[in-house]
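# Give me a model of this one.
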Amino acid sequence: MKTVEELLGLAPRSAGPVQPAASGSVSFSFLFFSDVRADISNREKYEFTRDVTLFGDREGFTAVYLPERHFFEYGSVFANSAVVAAYLIPQTRRIRFRTAGISLPLHHPVEVVEAWAMNDILSNGRVDLGFGSGWQEKDFILSPGTYESRREVCNERIPIVQKLWRGETVDFEGPRGEQIPIRVFPRPIQQELRVWLLAVQNDAAFIYAGKQGYNVFTMLSGLDLDAMGKKFALYRKAREEAGHDPRTGIVSLMLHTFIHESKAAVEDAVKQPFKAYIRSFLDAHVESGLGRSKGVDDIGESEKAKMLEYAYHRYSKTAALFGTVEEVRETIDHAIQVGVNDIACLVDFGVDYAMVKASFPHLKRLVSAYL
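Purely as a prediction, here's the structure:
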């Protein structure tokens, strides 16, 4: 049975020297996922998403990662990532729009390609798509028949999406059981679609992504950076064995981020919001049924409070970018050392919006050291 801290990526960190990073060896992006604040309107959440994206567009961030979230209060503003992207794209010039990820078993491949081809046109070719199999059982009211085989369905549908994106014709079953040839319009700007696959703990997912030539998106869920580095090595090896250049696959890592000139200011800003975020994360797992299988729902409130306090301190030191520019560089350099190519900074986890935006000059100084 896993503990709360293992669920959240708080396994003991193995020792080892961290080599300084070379300039240009990693890119930085933003990722949106949650925002558990109940005192903020949904409109304000979209405006904050816009402000973060525009900052990233100005300051050399590579991409914004947009999630797909259904039927749970936190993250509910991201019920449709294509719509959010369509809102942001006309306001930007450089930054790419990536999904992290589309729960592909919930959608027909044609639906996905039609919507995102439109966004590719609107952005002049700045769309990348990441896919996952989904995990919340109630999400599958949208596609009840794909829940049990969701991983297989996801793997089957990604190549179909790629074919449709290229303009190939694919046969689909019609209302009378007949096969209907479909070619999707409008045609996107990019001939080839860059694909990310969500891979967290399962070695097989990293190996599969490597063999298929996909990029990978991941997070520290129950593992430290050194343990994740072993999975990245499996990914690179699988790419090479399948005939793909092992150096070109992108490993994107989500890290909660808040940078400030004062360590005390960081603590004041993030501690309570982040603990609330952790609690919401655990509540979602319990509701989905995953918490029961991992023994989370039978923990008393007093014990849970102690574990949340411990989890915050462990996470803030080993699995997040919380601190001054100088303090967080060790984590970034360590991530580069184990094979991370893109750091996806998660900033919408409950910290006051004004404080997040006030911290941007410090984040800019951090990122500029690697560009």
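
# Number of residues surrounding the nearest residue to Glu168 once chain neighbours are set aside?
Of all residues not flanking Glu168 in the chain, Arg183 sits nearest, at 7.3 Å (CB to CB, 6 or more residues apart in numbering). The way it works is simple: take the backbone N, C-alpha and C, and place the C-beta from them, glycine included. Neighbourhood size, Arg183 [other CB atoms under 10 Å]: 12.

# so what's Arg183 up against?
Leu164, Gly167, Glu168, Thr169, Val170 (CB atoms under 8 Å, 6 or more residues apart in numbering).

# Then Gln212?
Ile158, Val195, Leu197, Ala242.

# Would you mind listing which of those residues are buried?
Ile158, Val195, Leu197 (16 or more other CB atoms under 10 Å).

# Using a markdown table, please lay out those together with pLDDT and secondary structure.
Shown next, in a markdown table, are those (pLDDT from 0 to 100; DSSP: H, G, I helix; E, B strand; the rest coil):
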| residue | pLDDT | secondary structure |
| --- | --- | --- |
| Ile158 | 98 | helix |
| Val195 | 98 | strand |
| Leu197 | 97 | strand |
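
# Format those residues as CSV; extra columns: distance to Arg126.
As requested, the buried ones among the contacts of Gln212 are exported to CSV (distance: CB to CB, whole Å):
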residue, distance to Arg126
Ile158, 20
Val195, 15
Leu197, 20
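
# Can you tell me the element the nearest residue in space to Asn155 that is not next to it in sequence falls in?
Once flanking residues are discounted, Asn155 sits nearest to Tyr208: 7.1 Å by CB to CB, 6+ apart. Using DSSP states H and E, Tyr208 falls within helix 203-212.

# So which bits of that helix are buried?
So for helix 203-212, counting by 16+ other CB under 10 Å, buried means Ala205, Phe206, Ile207, Tyr208, Ala209, Gly210, Lys211, Gln212.

# After that helix, which helix or strand is next?
Next along from helix 203-212, by DSSP H and E: strand 215-219.

# And the strands in the stretch 201-350 of the chain?
Secondary structure of the stretch 201-350 of the chain (DSSP state E, counting those that start in this stretch): strands at 215-219, 251-259, 320-323, 342-346.

# Neighbouring strands of the shortest one in the sheet, and parallel or not?
Which is strand 320-323. Using DSSP bridges, strand 320-323 pairs in its sheet with strand 251-259 (parallel).

# What of the last one?
Taking DSSP bridges as the criterion, strand 342-346 forms sheet pairs with strand 27-31 (parallel), strand 251-259 (parallel).

# Let me see the mean pLDDT of it.
The average of the pLDDT scores along strand 342-346 is 97.

# For that strand, which outside residues touch it?
The contact list for strand 342-346 (CB under 8 Å, 6+ apart) reads 26-34, 62-63, 65, 100, 217, 250-257, 321, 332, 335, 363.

# Break down the stretch 51-200 of the chain into its strands, ranges please.
63-66, 96-99, 102-103, 127-132, 170-173, 179-182, 195-198.

# can you put those in TSV and add distance to Gly145?
Conversion of the strands of the stretch 51-200 of the chain to TSV gives the following (distance: least, CB to CB, whole Å):
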stretch	distance to Gly145
strand 63-66	26
strand 96-99	23
strand 102-103	14
strand 127-132	18
strand 170-173	13
strand 179-182	19
strand 195-198	21
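
# Which one of the ones you listed lies nearest to Ile189?
Within the strands of the stretch 51-200 of the chain, the stretch nearest Ile189 is strand 127-132; the backing value is 8.3 Å (CB to CB).

# just checking, what packs against that closest one?
Packing partners of strand 127-132 (3 or more CB pairs under 8 Å, 6 or more residues apart in numbering; DSSP states H and E): strand 96-99, strand 102-103, helix 109-122, helix 150-166, strand 195-198, strand 215-219.

# Distance check, the closest residue to Ala238 other than its chain neighbours against Phe33.
Nearest non-adjacent residue to Ala238, counting by CB to CB, 6+ apart: Gly210, 2.9 Å away. Using CB to CB, to the nearest Å, we find Gly210 at a distance of 25 Å from Phe33.

# re the thing from before, I'd say the residue nearest to Ala238 and Phe232 touch.
No - if you go by CB atoms under 8 Å, Gly210 and Phe232 don't touch, sitting 9.5 Å apart.

# And the helices in this structure?
4-7, 42-58, 81-88, 109-122, 150-166, 203-212, 225-241, 263-288, 290-294, 301-318, 325-337, 353-358, 360-368 (DSSP state H).

# Tell me who's in contact with the residue most central in space within the chain.
Here the mean C-alpha position of the chain is nearest to the C-alpha of Ala100 (CA atoms, centre = their mean), at a distance of 4.4 Å. Ala100 makes contact with Leu31, Phe33, Tyr65, Leu66, Pro67, Gly130, Trp196, Leu198, Phe217, Ser252, Met254, Ala344 under the criterion CB under 8 Å, 6+ apart.

# Done for today, thanks.
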